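J.: Compute the structure for the input listed below.
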Amino acid sequence: MAVTRADVARRAGTSPALVSYVLNGGPRKVAPATEERILLAIKELGYRPNAVARSLRMARGHSLGLILPDSSNPYFALLARAVEEVAYRHGYPLLVGNAADTSEREIGYLHAFVDRQVEGILVIPTAEDEVLEEEFAKVGVPLVVLDRSLDDAAFANVVAASVDGSRDAVRHLIEHGHTKIACLSGPAVSVSEERVAGFQQALADAGLEPGRVLSRPFGGSAGYDALPALLEGPEPPTALFVTSDLAAMGLLRAAFDLGLDVPRDLAVVSFDGIEYAAYTRPGLTTVSQPITQMAEVATQLLIDALGGGSIPPGTRVLPTELVRRGSCGCSDEFAGAIAKVDATGEGVVP
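T.: Numbers count the residues shown, from 1 in each chain. Below is the predicted model:
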């Protein structure tokens, strides 16, 4: 037989109402000694509140929503997992919607989450336009923008330092002796624009002419298809800065198929820091975003506002780190390298 709130009250020598106050954090304060007895009784009896019934009584869903632009992109999948870890730690189930890179679907999930009475929403916008911003502004629940920069007078944004990280990446290519550097950028969202700005700043700081920029969607196939266009012209680049790891991975395959040696014929540096970047051949030098920290800051901002507070607008910018691997010309040592057995099957080739 399931343990009830009344059972907890009897064990603690108090009333079911006080048990409710302890479980719900109010509306009345409970004396510390009484609260301690109630918590002990809950533990001894193994009582688990009915979350659905509790949510109905409190007129809210006791859950958070997260809307991703593309759930198949490994970077967004990592970010979603990091957000879920923080939400779970605080006792909030996380509902996830995949916008599939369309504003209409993104707005549909926004409305669906509100209809299901989620307590707060994190969103990575598919685009940055007035229609979406108007929808976000009138949503009626706390909302935090993640991995994008909307109007920081109206929204709370949590992002990585895209300009600084990109500038560091391109400076690194210049340190390797490259002066002909082009950029493969993503779609027209703030992070792409900021990474292109960092790319151009690094070239200007080195006294170089502005670099060529080619914009394509995020994704491996886009990176693969873009390489021939990037190499067109009488003086093709000797190095490329790519604004996403997934596009860079597709580009590496294209380089192989074209008979190019990376990094001897073409050096490549990208941006994101997904796990799979370590497993390409050569390993992909990339600007690693602080995914766990971004998720922590954004989700905590949201949770702190759920008690009736507000989220101060503004953009929280978190630092990045350049991870050096073989695609830029650095050493390509891999910590997980598998030892090779020699031809006799007896020795190990280092």
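
J.: switch to C-alpha atoms for all contacts and neighbour counts from now on
T.: OK.

J.: quick one: pLDDT of the residue nearest in space to the middle of the chain?
T.: The centre of the chain sits closest to Leu79, judged by C-alpha atoms, centre = their mean, with a distance of 3.2 Å. Looking at Leu79, its pLDDT is 96.

J.: That one contacts Ala298, doesn't it?
T.: No - contact between Leu79 and Ala298 fails when scored by C-alpha atoms under 8 Å: they sit 10.9 Å apart.

J.: The residue nearest to the centre of the chain looks like it's in a helix, true?
T.: Yes - assigned with DSSP: H, G, I helix; E, B strand; the rest coil, Leu79 falls within a helix.

J.: out of everything not next to it in sequence, what's closest to it?
T.: Ile291 (5.9 Å; C-alpha to C-alpha, 6 or more residues apart in numbering).

J.: separation between the one you found and Leu68?
T.: Going from Ile291 to Leu68 by C-alpha to C-alpha, to the nearest Å gives 14 Å.

J.: Likewise for Ala77?
T.: 9 Å.

J.: more crowded one of the two?
T.: Neighbours per residue (other C-alpha atoms under 10 Å) separate Ala77 from Leu68, with Leu68 holding more: 25 against 15.

J.: Let me see the contact set for that one.
T.: Residues near Leu68 by C-alpha atoms under 8 Å, 6 or more residues apart in numbering: Phe76, Ala80, Val96, Gly97, Asn98, Ala99, Ala100, Val123, Ile124, Pro125, Thr126.

J.: Same check on Thr102?
T.: Thr102 is in contact with Pro69, Thr126, counting by C-alpha under 8 Å, 6+ apart.

J.: can you give me the strands in the stretch 101-250 of the chain?
T.: For the stretch 101-250 of the chain, the strands defined by DSSP state E, counting those that start in this stretch cover 120-123, 143-146, 156-160, 181-185, 213-215, 239-242.

J.: between those strands, which one is nearest to Asp257?
T.: Of all the strands of the stretch 101-250 of the chain, it is strand 239-242 that lies closest to Asp257, at 16.9 Å by C-alpha to C-alpha.

J.: what does the closest one contact?
T.: 169-170, 173, 178, 180-185, 199, 248, 266-271.
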